[in-house]
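> Sequence and predicted model, in that order:
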Amino acid sequence: MLWGCDTGPNTISGLKAGFKSGLMKLTYRFQCPERPYYPGKFHIRLAPDRSFRVGGHIPILFAAICFPELLWTGGSRKISHQILSGGGCLTPPPRHNTIPRHQQGRLKLFDHIIARDSSTNPITITPIVESEFQSWLADQSETTKAWVAANGYEAKRGTQLALPGSNGAFGSVLIGYVDDAKAIWDFAGLPTSLPEGVYGLSDSISDNAALYEKAALGLYLGGYRFDRYRKDDGKKDKRAKIALHNNEAAKRAENTARGIGLARDLINIPANDMGPAELEAAARALGEEFGARVSAIVGDDLLKQNYPAIHTVGYGSDRDPRLIDLVWGDADAPKITLVGKGVCFDTGGYDLKPSSNMLLMKKDMGGSAQVLGLARMIMAANLPVRLRVLIPAVENMVSGRAYRPSDILKTRKGLTVEVGNTDAEGRIVLSDALTEAASENPELILDFATLTGAARVALGLGLPALFSNDDDLANGLMENGLALHDPLWRLPLWDEYRPQLDSKAADMNNISGSPFGGAIIAALFLDRFVEGAKSWAHIDLMAWNPTDRPGRPTGGEAQGIRAAFKLIEDRFGK
Ligand SMILES: [Zn+2]
């Protein structure tokens, strides 16, 4: 099986007999257990001189086998390499009418904790403000008082107590909380600690929309799990389910949770199932859900359409780099553009990362996960904006084609960049995307990127660094972040550090020679490519929870997108 996969035969059918010049349509089934989701069609356009054009690796491979006498034109090293090596599971381009394995659980996100059956009488969750517990207790029956005393319960925030009903069955659940920004997390422990059953929030808080939204969001996020790679233990449906009120606050919480859940899933899916093509498929699936137009410029087309920086970084991988472009909303509405770093795996390139640092690098597309999650929130809320999402999606790998330290590369803007370090690849791919974003002169550009370790050194893992050319934007994001407990912290675009990006050989270097202020240096690099933008913020984030906390399990995390959504909603909402 020259073209196939090691583990099974492939079939090819529907071949049109003879091949004159023109368009030929072929059907194939790729029976590879690793990639069962790529049956599909492809076409070959045969020119009168017997040269032909096809897209993607698989079609080229098939063509080489089926039509060996055809003239190869523009045959790249990539093609001949794959023909010579044969075997192995190759990654064909995504087929948009199939659901890739990594998305099969997408529609089920949170569904395992949402009770849809309204006939069930839910067990009441009664929220109690920690400071008002004693006055609440004074009004209760002697039995309840005795039960509370026996359990030593004081309604401390995030603590719960089950109260027995009159017949000894489950009566209700008390949950202590404090009505501040962190109230979300007070509720988040419930879904995993309550026994099987259907639970609903007490009517007592249904009139307080802000609190209800926080409680509902906590319940949703408390139910988030990433278990699609694990054997079904049969317990999936034997967990607590939540029945929320049919109110606006519950809907807002659900939209927020689905945006966050999408971001977490995309990050948590490992790089073998989340390469540039799969990230594109995820963007297309999201676009389909909300009627957005999604396109992608892939592989060598990046050069033809002047995205040389994205091409250079991604060329070292066998998985084609691409620029993913999602557009949604009324063309006349205020333009908002989100840009997300989509480095699906970052080895560091020839400036290879040590293994301990490489281990988490499936999360280096965390910026793209943020912008897709945020885009989902914006589209689900139907905000009156023209939304554009740009994701440079690449893998930073080591190979005979990979870029080297000291290479000088071109960018879309025309500036040349000397590569001081191949591990500072995020800013390089972002440069082309930001140039394109700024060319439309949108009202707002937000970029999210897992860009520097230096931002983590400065602010720790839980506090993304925020940079902006617009004080109002920066202040708004910071205020929202604190109010919603989705914090960001501003660092300066410190002018005096700009010369540190000077290069003797090119227009600029991608790193500074100094080990200090690395997050600021990276932001100053990006700043060169959004020159003249009205309002731009760059968010340098971790996108990962290092420890388990209620509602915030270890793994991929959304950071700053609730703060950003609130700002966009306040500025541009109805
Ligand atoms: Zn890197």
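Good, I have the coordinates. Bear in mind that the values here come from a model prediction, so they are computed numbers and not experimental data.
> Tell me the secondary structure of the residue of the stretch 401-550 of the chain found nearest the ion, please.
At 3.9 Å from the ion, residue 423 is the closest residue in the stretch 401-550 of the chain, using Cβ to the ion. Where you see a C-beta, it was placed from the backbone N, CA and C, and this is true even at glycine. Secondary structure assignment for residue 423 (DSSP: H, G, I helix; E, B strand; the rest coil): coil.
> show me what contacts the closest residue to it other than its chain neighbours?
Leaving aside its sequence neighbours, residue 423 sits nearest to residue 348 (Cβ to Cβ, 6 or more residues apart in numbering; 3.9 Å). When contacts are counted by Cβ atoms under 8 Å, 6 or more residues apart in numbering, residue 348 touches 357-358, 396, 422-423.
> The protein against the ion: which residues are in contact?
Contact residues (Cβ under 5 Å from the ion) of the chain with the ion: 346, 423, 425.
> 8 Å instead?
Counting by Cβ under 8 Å from the ion, the chain comes close to the ion at 343, 346, 348-349, 353, 361, 364, 396, 422-426.
> among those, who's most crowded?
Counting neighbours by other Cβ atoms under 10 Å, residue 343 leads the residues of the chain next to the ion with 32 neighbours.
> what about it, helix or strand, and which?
Residue 343 belongs to strand 342-346 when assigned by DSSP states H and E.
> quick one: the residue nearest to residue 423 from residue 364, how far?
Distance of residue 348 to residue 364, given as Cβ to Cβ, to the nearest Å: 10 Å.
> Common neighbours of those two, please.
Contacts common to residue 348 and residue 364, judged by Cβ under 8 Å, 6+ apart, are residue 396.
> Partner strands of the strand holding residue 343, with direction?
Under the criterion DSSP bridges, strand 342-346 sits next to strand 386-396 (parallel) in its sheet.
> for the helix or strand that comes right after the strand it pairs with, which positions count as buried?
Following strand 386-396 in sequence order, the next helix or strand is strand 408-410 (DSSP H and E). Buried residues in strand 408-410, counted by 16 or more other Cβ atoms under 10 Å: 409-410.
> circling back to that earlier point, would you confirm that the residue of the stretch 401-550 of the chain closest to the ion contacts residue 357?
No - proximity of residue 423 to residue 357 does not meet the contact threshold set by Cβ atoms under 8 Å, at 9.1 Å.
> Assess the claim that residue 534 and residue 443 are in contact.
Yes - Residue 534 is within contact range of residue 443, at 6.2 Å (criterion: Cβ under 8 Å).
> If we only consider the residues of the chain next to the ion, which is nearest to residue 450?
Nearest to residue 450 among the residues of the chain next to the ion is residue 364, at 5.4 Å by Cβ to Cβ.
> List the contacts of the closest one.
With contact set as Cβ under 8 Å, 6+ apart, residue 364 has these partners: 341, 343-346, 396, 426, 450.
> Poorly predicted segments of the protein, please.
Scanning the chain with the threshold set as pLDDT under 70 gives 1-109, 116-119, 235-237.
> In three-state terms, label the most centrally placed residue in it for me.
Ranked by distance to the mean C-alpha position of the chain (Cα atoms, centre = their mean), the top residue is residue 369 at 1.0 Å. What three-state DSSP gives for residue 369 is helix.
> Please report the distance of the residue lying farthest from the centre of the chain from residue 164.
Here the centre of the chain is the reference, and by Cα atoms, centre = their mean the most remote residue is residue 142, at 51.5 Å. Using Cβ to Cβ, residue 142 is found at 14 Å from residue 164.
> Tell me if I'm right that residue 322 and residue 294 touch.
No - assessed by Cβ under 8 Å, residue 322 is found out of contact with residue 294, at 11.4 Å.
> so what sits against both of the two?
residue 280.
> Compare neighbour counts for the two and give me the winner.
Using other Cβ under 10 Å as the criterion, residue 322 and residue 294 rank with residue 322 on top: 27 against 20.
> and the more buried one, what does it touch?
276-277, 280, 296-299, 302, 310, 314, 392-394.
> Check residue 463 too.
By Cβ under 8 Å, 6+ apart, the contact set of residue 463 is 487-489.
> Wait, the residue nearest to the centre of the chain touches residue 543, no?
Yes - at 6.7 Å, residue 369 counts as touching residue 543 under the criterion of Cβ under 8 Å.
> joint contacts of those two?
The contact sets of residue 369 and residue 543 overlap at 263, 267, 556, 558 (Cβ under 8 Å, 6+ apart).
> Which single one of those is nearest to the ion?
residue 267 (15.7 Å).
> and the lengthiest helix in the chain with strand 342-346, angle?
Criterion DSSP state H: the longest helix present in the chain is helix 248-268. Between helix 248-268 and strand 342-346, the angle comes out at 40 degrees (axes from the mean of the first three to the mean of the last three Cα atoms, to 10 degrees).
> Counting by contacts, list what helix 248-268 packs against.
When contacts are defined as 3 or more Cβ pairs under 8 Å, 6 or more residues apart in numbering; DSSP states H and E, helix 248-268 packs onto helix 209-222, helix 276-290, helix 366-380, strand 555-556, helix 561-572.
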